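> let's see this in three dimensions:
(chains A, B, C and D)
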Number of protein chains: 4
Amino acid sequence: MDRTDFGRIVAFTDGVMAVAITLLVLNLEVPDVRADDLDDALRELDGSFLAYVLTFALVGRFWVIHHNLFETLERFDGQLMVLNLVFLMLIALMPFGMDLVDTYPDTSIAIATFAAILSLTSLTHWTMTTHALRSDFVDTQRVRDTRRFGSIVTLGVPAVFLASVPVAFVSPVAAELMWAATIVARGPLRRLVTRLSG
Amino acid sequence: MDRTDFGRIVAFTDGVMAVAITLLVLNLEVPDVRADDLDDALRELDGSFLAYVLTFALVGRFWVIHHNLFETLERFDGQLMVLNLVFLMLIALMPFGMDLVDTYPDTSIAIATFAAILSLTSLTHWTMTTHALRSDFVDTQRVRDTRRFGSIVTLGVPAVFLASVPVAFVSPVAAELMWAATIVARGPLRRLVTRLSG
Amino acid sequence: MDRTDFGRIVAFTDGVMAVAITLLVLNLEVPDVRADDLDDALRELDGSFLAYVLTFALVGRFWVIHHNLFETLERFDGQLMVLNLVFLMLIALMPFGMDLVDTYPDTSIAIATFAAILSLTSLTHWTMTTHALRSDFVDTQRVRDTRRFGSIVTLGVPAVFLASVPVAFVSPVAAELMWAATIVARGPLRRLVTRLSG
Amino acid sequence: MDRTDFGRIVAFTDGVMAVAITLLVLNLEVPDVRADDLDDALRELDGSFLAYVLTFALVGRFWVIHHNLFETLERFDGQLMVLNLVFLMLIALMPFGMDLVDTYPDTSIAIATFAAILSLTSLTHWTMTTHALRSDFVDTQRVRDTRRFGSIVTLGVPAVFLASVPVAFVSPVAAELMWAATIVARGPLRRLVTRLSG
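Below you'll find the model as predicted:
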């Protein structure tokens, strides 16, 4: 498996992520009401739109960090390929996760289940990063960057997702806000880490 | 995020747009009637076919202008990548938009909602163009072309989509004709702008 | 539009065709029966499997001829891009066409409708070929090959699809056999044309 | 067909496999129960999740072996392209196969049908491998590797899938364990073959 061509893995990964992120829209169902009531029915879709935007942003963020990791790699092995397939198996679950959260917005177990999927996805990516670092797959020019984010920021994100599992049982909304934070916090965190390690 | 590889962004973007444009067909449902009545039932699908052709052409046009912008870029930053993800989030809504317009062809709020989505998509693309120009991401050989279209034509299109929102409340058909005009008008407009600025 | 990058058009085209060909499977529905009756229910799916195989082969053939044309091109223009989008709009209809033929296997109008879609798709591809030849887009080394197939074989295929529209009203099965013939006949026809023009 | 560009075949193949593997998730349906019962309903989805993971891993494995074969190829012909389309036609059936197994987990004919699809897919890939070897399409540097796996391991896998067809009538679970074994056994088998032929 060590002789697998790099470009094709990336292309397959992008394909799966592009399909998964676009399938999210299938969860937005056009209301089946009388024309006069469409106005109200569309307003009631607000929660679904929010779930769509949040999940799209989460998958988009996963795509960005996967992208950032893989462009620093110079080689890889079968184990990284297996980890990447596990990562994709979790990414492909996102339309299910969004549907769950959208159908049961106030039910803790629904939110906790999606939180667990997000946590596993994030953890798998972190494992890929540390495996790549340990195996010296990362371009030496960039290893400092990758190590820095591999340790602090990247592990911080699965931790936040993991923490949101119990939080979902107290407040579903708070759990979702924690997910949103992982998207928004990327930029500021990176600047903070860069300054601290500068 | 500044070290993200360009080709992969384009590949991911093309993937999302290819999936979104192909999912449109799922809105064309094979009629569930007796074999004898299929003839009439297919004729009644005419409106749906029209909605399919119009939405396909709109997404196709967005793909062409995205393509035209990105091939002039030499660099990009995290902000452009975020704008691109927002653009894709709106593109991925197109199957929902077509379904809405196809299910409620004579309901103003349905047409206005799709008009709003188209307007936002177009505005996001315009923002990407101006951001790229301001940040000097555009190949200097081509900056004159891009600037010309960045200012006049490209802003004209979101303006037409935005104007179609109130128009939908007067006449849904008129709003749809305005959308169709943005597709057909591209060629002539480009020639006009080129002659005026020549 | 003349400055559009070639590779991206091909990638987008392949994306749409890959999605369309894979969506065909959604028409194969797992029977909803008692476990004891699954045996019989699966046997009754035979017709659907046949429709799947036939449509998959038809789209696969379209992909092959599109591929063969585009790899001889050295340049292209906006008109070819518009023709290509029309071609893709028809390709994306294939899951609908298969569903129609699968749901109404003995209804002439269903078969005739799919025949019309196939005919239009084939004709659009033929128009692309002749437009590319007339505009000198084809690599001079290969222009003889392309011209040969552009004139005789390629126009023969839309003619067969077009002829299958009226045939469908006499015998749906005969029309479907004509479609199948266009797939199988490719190799022998090519050899015949090569020998005649040799 | 001999002049078909290699990269585009691979891209189209990856596209179909990426879509097929991501469509698997559509078989995981969010339960339609009262919020209080969601906990139990999700627990009952365990079997579906297992079917998802197993099918995802099977398609992932097919992608890996396709990948491994194609990166050793230096040329190909029309016959290999046709075989590749047959392979893709079978891969695109995987969402149907998973749905079947997931809906009728204890019904032998359901398991046997999916086993037959897996067997055909595997056999088609083996035929591609031997055809490529016989036609001298494989890079001479790598022909020894490919021949080794082309003969022993690769034929072993369709044999296991084929054997699982009758096994499914005795024990559905045993058949599924045989499929899982083909995924896990890859690494150890490769090491064994390498040592024996070393």
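
> distance check, the most far-flung residue of chain A relative to its centre against chain D.
Here the centre of chain A is the reference, and by C-alpha atoms, centre = their mean the most remote residue is A:Asp36, at 39.0 Å. Applying C-beta to the nearest C-beta, to the nearest Å, one obtains 27 Å for the distance of A:Asp36 from chain D. C-beta: built from backbone N, CA, C; applies to glycine.

> ditto for A:Leu133
Between A:Leu133 and chain D the distance, using C-beta to the nearest C-beta, works out to 23 Å.

> do I have it right that that residue meets A:Val143?
Yes. Taking contacts as C-beta atoms under 8 Å, A:Leu133 lies within contact range of A:Val143: 7.1 Å.

> taking the centroid of chain A, which residue is nearest it?
Closest to where the C-alpha atoms of chain A average out (C-alpha atoms, centre = their mean) is A:Phe62, at 3.9 Å.

> which ones are touching that one?
Remark: with contacts taken as C-beta atoms under 8 Å, 6 or more residues apart in numbering or on different chains, A:Phe62 is in contact with A:Met17, A:Ile91, A:Thr121, A:Ser122, A:His125.

> and A:Leu73, backbone torsions?
The phi and psi torsions at A:Leu73 (degrees, to the nearest 10) take the values phi -80, psi 140.

> assign the residue in chain A that chain D sits nearest to to helix, strand or coil.
In chain A, no residue comes nearer to chain D than A:Gly15, which is 2.9 Å away by C-beta to the nearest C-beta. Taken by DSSP: H, G, I helix; E, B strand; the rest coil, the conformation at A:Gly15 corresponds to helix.

> for whatever helix or strand A:Ala174 lives in, packing partners?
Per DSSP states H and E, A:Ala174 falls inside helix A:172-184. Contacting helix A:172-184 under the criterion 3 or more C-beta pairs under 8 Å, 6 or more residues apart in numbering or on different chains; DSSP states H and E are the following elements: helix A:46-70, helix A:108-134, helix A:154-170.

> nearest to D:Phe169, out of those?
Ranking the helices and strands packed on helix A:172-184 by proximity to D:Phe169 (C-beta to C-beta) places helix A:108-134 first, at 35.7 Å.

> what is the mean pLDDT for the closest one?
This predicted structure assigns helix A:108-134 an average pLDDT of 94.

> that helix near chain B anywhere?
No. Counting by C-beta under 8 Å from any C-beta of the partner chain, chain B is not contacted by helix A:108-134; separation bottoms out at 15.2 Å.

> now do that helix against helix A:172-184, angle only.
Taking axes from the mean of the first three to the mean of the last three C-alpha atoms, to 10 degrees, one finds helix A:108-134 and helix A:172-184 inclined to each other by 30 degrees.

> for helix A:108-134, name the packing helices and strands.
If you count contacts as 3+ C-beta pairs under 8 Å, 6+ apart, helix A:108-134 packs onto helix A:46-70, helix A:78-91, helix A:94-103, helix A:143-148, helix A:154-170, helix A:172-184, helix D:38-44.

> chain center to the longest one: distance?
Pointing back at helix A:46-70 there. Helix A:46-70 sits 6 Å away from the centroid of its parent chain (C-alpha atoms, centre = their mean, to the nearest Å).

> what parts of chain A come near chain B?
On the criterion C-beta under 8 Å from any C-beta, chain B has as its neighbours in chain A the residues A:10-11, A:14-15, A:17-19, A:21-26, A:28, A:30, A:32, A:35, A:38-39, A:42, A:52-53, A:56-57, A:60, A:63-64, A:67-68, A:71-72, A:142, A:187.

> for chain C, what is the nearest residue in chain A?
With C-beta to the nearest C-beta as the measure, the residue in chain A that lies nearest chain C is A:Val19; the distance is 7.7 Å.
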